[in-house]
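Q: sequence first, then the predicted structure:
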There are 2 protein chains.
Amino acid sequence: MMMNLDSECFCKRLKDELTFHFLRHKDIRTLSDFLGCRQVPAGEVLWKQGDACEYLAFIASGRVEVSKSTEFPGKNVIVGIYGAGSIVGELCLLKDQPRAVNVAALEATDLLILSKENFEQLMEQHPDVGARLLKGMLLTVSTRLDKAFERLTAVF
Amino acid sequence: MMMNLDSECFCKRLKDELTFHFLRHKDIRTLSDFLGCRQVPAGEVLWKQGDACEYLAFIASGRVEVSKSTEFPGKNVIVGIYGAGSIVGELCLLKDQPRAVNVAALEATDLLILSKENFEQLMEQHPDVGARLLKGMLLTVSTRLDKAFERLTAVF
């Protein structure tokens, strides 16, 4: 459903502009060899809950909506809206299980894709960069967990 | 509020018995040099929301209750109950901020403590063990986030 960019130049720029917690300028250059680019038009579904889980995406620009399905078909509950500088799909890199959430682009969105296979190669070939990436992912997910706890607390 | 164990022997056994996602037997031996032991009686508060954030704890045995404070003093909402094989306090290792939750022992609980300082030394001296520890922490926190999303979805 997503299209590969024709423009290598555009992809190179996306990679050059990537920033993420704990990653140094030199790390980004190392990481960029392991990344692909995807351009997603507004409204497009990146994946649905239950789909096969194959990659993590860094959001280079745009915004995505993350939702969980409910027992009522077609009725989803939004659990997060993530924008530039954030990630989606991180659980895939660690666990063989289907996608746990639905993700759709709220607006035209540029993504940098890290496949499970490339993540494992990165960890093997550049463990120091891999460790800083993991720290950044852990910080992102821990912060989201705290926000989810705040929302749960506000409900009661 | 927590007491250090007199028995080195008991502490050694706790460390030997530690298991955690992605950590190999050899990793546990490396990691154990960086860990301290704490025994916490039932009902004791490990820390309160807003306290200084200094360490991560592996739960070796027992159970802890994790809660968020509400706008009503003394009224907390339980957001998780974690037992043996799990962790609490992981956000501390990555971010300089006060504790985001309250944690209390539901029963007599044995903990293995990894201070922020020791975590940084581990990452420096044994980046491969550190990376596997980070993967395990990320898997734990991502799984909790998905559960929190499920609870949020069930509420609506």
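A: Sure, I can see it.
Q: low pLDDT regions in chain A?
A: A:1-6, A:156 (pLDDT under 70).
Q: run the angle between the lengthiest helix in it and helix B:127-155 for me.
A: Residue-count comparison of every helix in chain A, with assignments taken from DSSP state H, identifies helix A:127-155 as the longest. An angle of 20 degrees separates the directions of helix A:127-155 and helix B:127-155 when computed by axes from the mean of the first three to the mean of the last three Cα atoms, to 10 degrees.
Q: now do helix A:127-155: which elements does it pack against?
A: Secondary structure elements in contact with helix A:127-155, counted by 3 or more Cβ pairs under 8 Å, 6 or more residues apart in numbering or on different chains; DSSP states H and E, are helix A:25-32, helix A:116-125, strand B:63-69, strand B:76-83, helix B:127-155. All C-beta atoms are positioned from the backbone trio N, CA, C, and that covers glycine.
Q: rerun that using 6 Å as the cut-off
A: For helix A:127-155, the packing partners by 3 or more Cβ pairs under 6 Å, 6 or more residues apart in numbering or on different chains; DSSP states H and E come out as helix A:25-32, strand B:76-83, helix B:127-155.
Q: buried residues in the first one?
A: The one in question is helix A:25-32. Neighbour-count burial for helix A:25-32 flags A:Asp27, A:Ile28, A:Thr30, A:Leu31 (criterion: 16 or more other Cβ atoms under 10 Å in any protein chain shown).
Q: need the max-distance pair from the residues you listed.
A: Farthest-apart pair in the buried residues of helix A:25-32 is A:Ile28 and A:Thr30; separation 7.4 Å (Cβ to Cβ).
Q: which ones are touching A:Leu134?
A: By Cβ atoms under 6 Å, 6 or more residues apart in numbering or on different chains, the residues touching A:Leu134 are B:Leu134, B:Leu138.
Q: do the same with the one 3 residues further on
A: If a contact means Cβ under 6 Å, 6+ apart, then A:Met137 has A:Glu90, B:Leu138 as its contacts.
Q: do you know which of the helices and strands packed on helix A:127-155 lies nearest A:Ile113?
A: With respect to A:Ile113, and counting by Cβ to Cβ, the nearest of the helices and strands packed on helix A:127-155 is helix A:25-32 at 11.6 Å.
Q: that closest one near chain B at all?
A: No: remark: helix A:25-32 sits outside contact range of chain B, by Cβ under 6 Å from any Cβ of the partner chain, the gap being at least 13.3 Å.
Q: ok, then the element right after that helix?
A: For helix A:25-32, the succeeding helix or strand toward the C-terminus, using DSSP states H and E, is strand A:36-40.
Q: re the thing from before, ok, so of the buried residues of helix A:25-32, who is nearest B:Ser61?
A: When these are ranked by distance to B:Ser61 (Cβ to Cβ), A:Asp27 comes first, at 38.7 Å.
Q: for that closest one, which non-adjacent residue is spatially closest?
A: On the basis of Cβ to Cβ, 6 or more residues apart in numbering or on different chains, the spatially nearest residue to A:Asp27 that is not a chain neighbour turns out to be A:Val129, at 4.6 Å.
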